[in-house]
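**Student:** Predicted model and sequence below, questions to follow.
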Amino acid sequence: MLSQVLKNNQHLFTDIFPFNLNEEKHFVLDLSVDNQELYSIDLTSVEGLQNYISEGLHKVGAKYAVGGYNEDRLIYRKSAHFGEGEDARSIHLGTDVWLAAHTKIAAPIEGKIHSFKNNDTFGDYGPTLILEHCINHTTFYTLYGHLSVQSLEGKSVGQMIPQGEVFAELGKENENGNWPTHLHLQIIADMNGHQGDFPGVSNLADRDNYLKTSPNPNLILKI
């Protein structure tokens, strides 16, 4: 099982940001349906969500905010992009790290570019890059969403990315799918034919299957 392979090899992964996430104070951002504070915020507004995040960071003196894996998110229930009714998708399959625009992103382990694409629909990933890795004969993928457009320039499928090499940066809201600046990191066991994109949010019925396909990114982040 991929999650066990990653757990057994956590020592191999290095920092994806220019600093160690465990050496800086962080704010755990709760965007779930259980967070009553969210019901008084206009979650359809980038500014409204950004202000909420900024206030949380300021309260605890944090450098970054993090959270979201397997979270049933209220914010997706307010967007037509994620469907409606029983098929509505609200279960977040990655981990979000909220940092300043243009923050550099490095490969946590050697990989090659599987695919990339600008998913520029409102509320989508925006510029997205997917790396393919192999540990102990187990192939898996890491997806990086909400990047800058510049992150995709000069890239090619199959291009090798050495461990620790900067290969992307966080994008501003006007290029990252209209979100406050952050990285969506997702681990994927099987791309199932997807190129430059992969579901990052699941409906309730498919939750367990998708969580098996996309184990907890904290196996890499190690926060």
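**Tutor:** Received, thanks. Numbers count the residues shown, from 1 in each chain.

**Student:** Strands of this structure, residue ranges please.
**Tutor:** 26-28, 64-67, 89-92, 95-98, 104-106, 111-119, 126-135, 138-145, 160-161, 166-169, 183-188, 201-203 (DSSP state E).

**Student:** As CSV, these with mean pLDDT and mean neighbour count would be great.
**Tutor:** Backbone N, C-alpha and C define where each C-beta goes, glycine included. Compiled in CSV, the strands of the chain are given as follows (pLDDT from 0 to 100; neighbours: other Cβ atoms under 10 Å):
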stretch, mean pLDDT, mean neighbour count
strand 26-28, 96, 17
strand 64-67, 96, 22
strand 89-92, 86, 23
strand 95-98, 98, 26
strand 104-106, 99, 18
strand 111-119, 98, 19
strand 126-135, 98, 22
strand 138-145, 99, 21
strand 160-161, 99, 16
strand 166-169, 99, 19
strand 183-188, 99, 25
strand 201-203, 92, 20
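
**Student:** Let me have the ones you listed in CSV, extended by distance to residue 43.
**Tutor:** Putting the strands of the chain into CSV (distance: least, Cβ to Cβ, whole Å) gives the following:
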stretch, distance to residue 43
strand 26-28, 18
strand 64-67, 15
strand 89-92, 12
strand 95-98, 14
strand 104-106, 26
strand 111-119, 20
strand 126-135, 18
strand 138-145, 18
strand 160-161, 34
strand 166-169, 26
strand 183-188, 17
strand 201-203, 14
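
**Student:** Any idea which residue is closest to the centre of this structure?
**Tutor:** Nearest to the centroid of the C-alpha atoms of the chain, with distances taken as Cα atoms, centre = their mean, sits residue 184, at 1.4 Å.

**Student:** who's in contact with it?
**Tutor:** For residue 184, the residues meeting the contact criterion (Cβ atoms under 8 Å, 6 or more residues apart in numbering) are 94-96, 125, 143-146, 200.
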